[in-house]
Structures are given as C-alpha cells and as structure tokens.
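*Asks:* Structural data only, the sequence is not supplied:
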C-alpha cells in the first residue's frame, strides 16, 4: 500500500535499505487495519514526492514484519522513525499533520 516514491521494506531488507542508506530515511510503521495509518499515508506519500532525491521514504507493515518494530520498541502505530546515518534521529507516534512531519524532515536534512 505504498505510494509513488515510497519503498516497501521488510525485516529482511530493513538493514540494507534503511540503516545502510546514504540518504536520511523516514520509515512509516503501519498496518492495513489501522485507521490513523490510512489517514497519515497521503502525508507520507506527499513528503516522499516533495523530498525525492534528498530523503528515502519507506513503509514497514508491522503485521508481516515483527522483528523490526520490536527492535525499535514500536508499541503504537502509526509510528514514523527518522533515520540518519543508521541511527534514529527523531520520531512521531500517532497521526501528525503534514507541517509537523515536514519540520522534522527539514531538521533531518539540515
């Protein structure tokens, strides 16, 4: 259910796609049944389009991939984790408006 410019990442590909990425990465932890996840999806897609080439945007389905969410202590979804240099630099838990997410992205890219 990823939009254009958004990468579907699994437990198997997480380290390579996120932790070893040259670019900062925004990871959206979500599930099909999660209402707030559906609400934030267009915001995540918009950020992916706006920052294409500067920011990698990925989604992890928590129902299909259990290891990665537990590794990062994800208890509620949606959770957005912002990675820079393979480490978590910031996070958003629950729904947040686009301007809040974009502020965090801009800080990440600064």
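*Replies:* That came through, no problem. If you're wondering where the values come from, they're calculated on a predicted model, not measured in any experiment.
*Asks:* Excluding its own residues, what touches the longest helix that the chain contains? List them.
*Replies:* Longest helix in the chain by number of residues (criterion: DSSP state H): helix 35-50. Residues outside helix 35-50 that contact it (Cβ atoms under 8 Å, 6 or more residues apart in numbering): 1, 3-6, 26, 28, 30-31, 55, 57, 59, 77-78, 80, 94-98, 101-102, 105. Heads up, the C-betas are built off the backbone N, CA and C, glycines and all.
*Asks:* Buried among these? Need that as a selection in PyMOL.
*Replies:* In PyMOL, this line selects whichever of those come out buried by 16 or more other Cβ atoms under 10 Å:
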select buried, resi 5+6+26+28+30+31+55+57+59+77+78+80+96+101+105
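*Asks:* rewinding a little: could you pull up the mean pLDDT of the longest helix of the chain?
*Replies:* Here helix 35-50 scores 96 as its mean pLDDT.
*Asks:* need the next SSE after that helix, C-terminal direction.
*Replies:* strand 56-61 (DSSP states H and E).
*Asks:* That following strand relative to helix 35-50, how many degrees between them?
*Replies:* With axes from the mean of the first three to the mean of the last three Cα atoms, to 10 degrees as the basis, strand 56-61 and helix 35-50 are set at 160 degrees to each other.
*Asks:* can you start the count at 282 instead of 1 from here on
*Replies:* In the new count, where the first residue is 282, that last one comes out as strand 337-342.
*Asks:* Need the mean per-residue confidence for the very next helix or strand once past strand 337-342.
*Replies:* Counting by DSSP H and E, the next helix or strand C-terminal to strand 337-342 is helix 348-352. Taken as a whole, helix 348-352 has an average pLDDT of 97.
*Asks:* Could you list the buried residues of helix 348-352?
*Replies:* Buried, per 16+ other Cβ under 10 Å, within helix 348-352: 349-350.
*Asks:* Can you list the strands that the very next helix or strand once past it pairs with?
*Replies:* Next helix or strand after helix 348-352 toward the C-terminus (DSSP H and E): strand 360-365. Strands that pair with strand 360-365, judged by DSSP bridges, come out as strand 306-311 (antiparallel), strand 368-374 (antiparallel).
*Asks:* next one: stretch 352-367 to chain centre, how far?
*Replies:* Between the centre of stretch 352-367 and the centre of its chain there are 7 Å (Cα atoms, centre = their mean, to the nearest Å).
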